[in-house]
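K.L.:
coords please:
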Amino acid sequence: MPRPRKCLINLSDTAYYHCVSRCVRRAYLCGVDSQTGKSFEHRRQWVEDRLLFLAEVFCVDVCAYAVMSNHTHVVLRINKQKADSLVAKDIIRRWHQLYKGMLLSRRYINPAECNTLSEAEIETVTSLSEVYRKRLYDISWFMRLLNEYIARRANKEDDCTGHFWEGRFKSQALLDDASLTACMTYVDLNPVRAGLADTPEASNHTSIQQRINAAKSNKQPASLLPFAGNPRNNIPDGLPFRLDDYIALVELSGRYLYPDKPGKIADSAPPILDRVGLAHCDWNEMVTGIETAFTSSVSIEKLLNKRSQHAGYG
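P.N.:
Next up is the predicted model:
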C-alpha cells in the first residue's frame, strides 16, 4: 500500500526529491508508437516548457530532468526560504500566473484599486496569500500543475478523455549529497541508457544538455538550480558541487553498461570536455561568476535514522 505523501516529503529530512510520473497503459507521452507509427515527439517540448515555467513561478528549483517516451524524471529542491521571503502581493502575482484568482485578490494587486480596499478585505487577501505561500513550495502542487496541464493537452490532441498519468507520481527523498548526485546522474543519463542518445550532450530535453550548452558560453542555465562549487563557508545558494566535476561524473558513469539497459557511451568516444569544446574552459572563472550572480555534513546514517523516526519506524 502506498505511503501517504506527507510521510514521503518532509523538509526536516531534506529539501531534495526525485519525482517520476508514468503514463497509464500504453498512453504515449512522447516518442513514436510502434504499432500505429504516430509520432508524439513534439510533446517533449510541452513538458520541458511547462516544467521550467513552473520553476519560475513556484519556490521549487529544478536540479535535473529528463523527458522520456512514457515517463518523466525530475529532481527538485524545495526552496522554503525563498517562499518565506515573499510579500503578499508577490505571492498573489505568482499564483495568478497559474489561476485567474478571486476578484478581491485581483483588486489587491491592481495599483488603481488596492487603496480602495477595506481593512477586512485586506485581511482576507493576506490570509489567502498565506495559503498560496504554502502551495508555492509544495511539490504535490508543483507536480499536479505539471501533469494536469500535459494530460489535458495530450487528451485534447488525442481526442479522448480519461486518465493520462498513473494515479500518483513516485517520490523519493534524497537525504545526502551522495544520493543527490547519484540521482541527478541517473536522471541525466536516462536517454543514453535507453539507447535514445549516444552521449549526454546529444540527449535532447534533459538538464545535462542545457547545462553543457550554457557552459560553452561560460554560463549556467537561469532556469536550473546552479552549481555553487564545493561546500565551504559562505557558499552561495545552489548545488554543493562543481559543474565540471558533475559533468565528468555523468560521463564516467555513462561509459559503464548498466544491467538491463541497452545504452552506454561508446568506449571509443573522446572525453566529454574535448567533445563539447570545454577542455580549455576556465572553470574557476566560471564558478566565480556564478557566485556573484547567485548570492545568498550530514551523515547518511544520522539522516536515515532521523527519517525512520519521523516515519514512525524508529
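K.L.:
Would you mind splitting this protein into its domains for me?
P.N.:
Here the domain parsing of the chain from automatic domain parsing is 12-79+137-175, 85-135, 177-296.
K.L.:
residue ranges of the strands in the protein, please?
P.N.:
For the chain, applying DSSP state E gives strands covering 16-22, 60-67, 71-78, 170-173.
K.L.:
so how far is stretch 42-62 off the chain centroid?
P.N.:
8 Å (CA atoms, centre = their mean, to the nearest Å).
K.L.:
Could you work out which of the strands of the chain reaches nearest to Asp274?
P.N.:
Proximity to Asp274 (CB to CB) singles out strand 60-67 among the strands of the chain, at 23.4 Å. Using the backbone N, CA and C atoms, a C-beta is placed for each residue, glycine as well.
K.L.:
for the closest one, what is the average pLDDT?
P.N.:
The pLDDT scores in strand 60-67 average 96.
K.L.:
which residues are in contact with that strand?
P.N.:
Residues from elsewhere that reach strand 60-67 (CB atoms under 8 Å, 6 or more residues apart in numbering): 16, 29-30, 44, 47-48, 51-52, 54-55, 72-79, 136-137, 139, 142, 180, 183-184, 187-188, 190-191, 203, 205-208, 223-225, 239.
K.L.:
Now restrict those to buried residues only.
P.N.:
Buried residues within these, counting neighbours by 16 or more other CB atoms under 10 Å: 16, 29-30, 44, 47-48, 51-52, 54-55, 72-79, 136-137, 139, 142, 180, 183-184, 187-188, 190-191, 203, 205-208, 223-225, 239.
K.L.:
Which residue lies nearest the spatial centre of the protein?
P.N.:
Against the mean C-alpha coordinate of the chain, by CA atoms, centre = their mean, the closest residue is Val62 at 2.9 Å.
K.L.:
now stretch 162-178, how far from the centre of its chain.
P.N.:
A distance of 11 Å separates the centroid of the chain from that of stretch 162-178, by CA atoms, centre = their mean.
K.L.:
Next one: the residue nearest to the centre of the chain relative to Thr116, how far apart?
P.N.:
39 Å (CB to CB, to the nearest Å).
K.L.:
now Phe40
P.N.:
50 Å.
K.L.:
Counting neighbours, go ahead and name the busier of the two.
P.N.:
Using other CB atoms under 10 Å as the criterion, Phe40 and Thr116 rank with Phe40 on top: 19 against 9.
K.L.:
next one: phi and psi at that one?
P.N.:
Backbone torsions of Phe40, given as degrees, to the nearest 10, read phi -120, psi 20.
K.L.:
Is it in contact with Cys23, as I believe?
P.N.:
No - in this structure Phe40 lies outside contact range of Cys23 using CB atoms under 8 Å: 10.2 Å.
K.L.:
Show me which helix or strand of the chain is least confident by mean pLDDT.
P.N.:
Sorting the helices and strands of the chain by mean pLDDT, DSSP states H and E puts helix 283-293 at the bottom, at a mean of 41.
K.L.:
In the stretch 1-150 of the chain, where is pLDDT below threshold?
P.N.:
In the predicted model, the stretch 1-150 of the chain carries pLDDT under 70 at residues 1-8, 25-29, 31, 33-34.
K.L.:
make it 80
P.N.:
1-12, 25-38, 40 (pLDDT under 80).
K.L.:
the helices in the stretch 151-300 of the chain, which residues?
P.N.:
177-188, 190-193, 207-215, 243-254, 272-275, 283-293, 300-311 (DSSP state H, counting those that start in this stretch).
K.L.:
can you tell me which of the ones you listed the model trusts least?
P.N.:
Lowest mean pLDDT within the helices of the stretch 151-300 of the chain: helix 283-293, a mean of 41.
K.L.:
my guess is Ile122 meets Tyr108, correct?
P.N.:
Yes - with contact defined as CB under 8 Å, Ile122 reaches Tyr108; the gap is 7.3 Å.
K.L.:
who's more crowded, those two?
P.N.:
Between Ile122 and Tyr108, counted using other CB under 10 Å, Tyr108 has the larger neighbour count: 23 against 14.
K.L.:
out of everything not next to it in sequence, what's closest to the more buried one?
P.N.:
Nearest residue to Tyr108, sequence neighbours excluded (CB to CB, 6 or more residues apart in numbering): Val125, at 4.5 Å.
K.L.:
Please list all residues in contact with that neighbour.
P.N.:
Ala88, Ile92, Leu104, Ser105, Tyr108, Leu117.
K.L.:
with these in mind, which one is nearest to Leu243?
P.N.:
For the contacts of Val125, the minimum distance to Leu243 (CB to CB) is 35.4 Å, reached by Ile92.
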